[in-house]
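Student: what follows is a predicted protein model with its sequence.
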Amino acid sequence: MSHDHPDGGPSRVGSRPGDDRDPGLQPERTRLAWRRTTLSCAVTAVLAGRQVLHHDGGALPAVAIALTALAFLAFLRLAHRRIQQLGGAPHPAVMAPGAAVAVVGCTVALAVFGAALVW
């Protein structure tokens, strides 16, 4: 089955969805989203550290800030690797399931440690 393509020629139903688009746009948007997410994680880690410095809370907040920094550094490494994979490829490889689980784990850890610092 075929339909008319926007340029006047026929196109096949079921063809790859990115064939008629600029292949550089989606990876570029995804790369920028990774950078924004990394920046927001950095701001969260800095604000958590600031919270600990301004309120003397003992060992628990110090451990929480250390774990926050560790989770941020792990997330930063994973994000940097993904940004490089998206670098110039028009159709970059799919993120490995283990890396995706690690990113989710880092994100949840940052949220939990951040919440522990606030309370």
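Tutor: Sure, I can see it.

Student: check contacts around the spatially most central residue of the chain.
Tutor: The residue lying closest to the centre of the chain (C-alpha atoms, centre = their mean) is residue 34, at 4.1 Å. Shown in contact with residue 34 (C-beta atoms under 8 Å, 6 or more residues apart in numbering): 79, 82-83, 86. In this view, the C-beta of every residue, glycine as well, is placed from N, C-alpha and C.

Student: and residue 52, by the same measure?
Tutor: Shown in contact with residue 52 (C-beta under 8 Å, 6+ apart): 61-62, 64-65, 117.

Student: spatially, which two of these are the most separated?
Tutor: Within those, 62 and 117 form the most distant pair, 10.2 Å apart (C-beta to C-beta).

Student: the two: who's more crowded?
Tutor: Remark: of residue 62 and residue 117, residue 117 carries more neighbours, 22 against 12, as counted by other C-beta atoms under 10 Å.

Student: one step back: state the mean pLDDT of the helix or strand hosting the residue nearest to the centre of the chain.
Tutor: Using DSSP states H and E, residue 34 sits in helix 25-54. Averaged over helix 25-54, pLDDT sits at 81.

Student: for it, the distance to its chain's centre please.
Tutor: Its chain's C-alpha centre and that of helix 25-54 lie 9 Å apart, by C-alpha atoms, centre = their mean, to the nearest Å.
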